[in-house]
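1. Here is a sequence with its predicted model. Questions after.
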Amino acid sequence: MVAGAAVEERKWPVPAQIILALGCLAGVGGVVGGLLRGSIPGVLVSLALFIIYWGAYMFQRWAWRAISILIVINIAGMLAGLLFDSGMSVNIVTVGVVVIALAVNALLLWYFNSRGIRALFECQKLPDTGCAEG
């Protein structure tokens, strides 16, 4: 590296920072809730969630894949729950809530797979990513 050369740092856009922070908080909240209820599986799943979102915040490529997989699993689970009635009362409100949740998950999947966000994980030099080559 050339002495005095400024190395650009990767920085998350504000929407991504909010999403990743909420994911980390959900993981921490799940761990606390799991400990209070004595639910070892709940603690483990929540700890994994926290690790995945923290890894994404730290630009780990494996975490980008894990988030994409989690979103797809969430979408599939919501559709299966709606289609196969897993004990919930299917009415217009339930369908409305599921449609909104599906839309949010679809937007998250699109956002995390958009060119600029993927470039941050892949460290490609694209406009406005702030990612140094190499």
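-> The structure has been received and is ready for your questions. Because the structure is predicted, anything quoted here is derived from the model rather than measured.

2. does residue 59 sit in a helix, a strand or a coil?
-> coil (DSSP: H, G, I helix; E, B strand; the rest coil).

3. hang on, isn't it packed against residue 118?
-> No: under the criterion of CB atoms under 8 Å, residue 59 is not in contact with residue 118, lying 11.2 Å apart. Bear in mind the C-beta positions are built from the backbone N, C-alpha and C, glycine included.

4. how's the chain carved up into domains?
-> Domain ranges of the chain: 12-58, 61-125, per automatic domain parsing.

5. average pLDDT across the last one?
-> Yep, that's domain 61-125 we're talking about. Across domain 61-125, pLDDT averages out at 85.

6. In this structure, mark out all the helices, start to finish.
-> In the chain, helices defined by DSSP state H lie at 14-37, 40-57, 61-83, 92-112, 115-122, listed in chain order.
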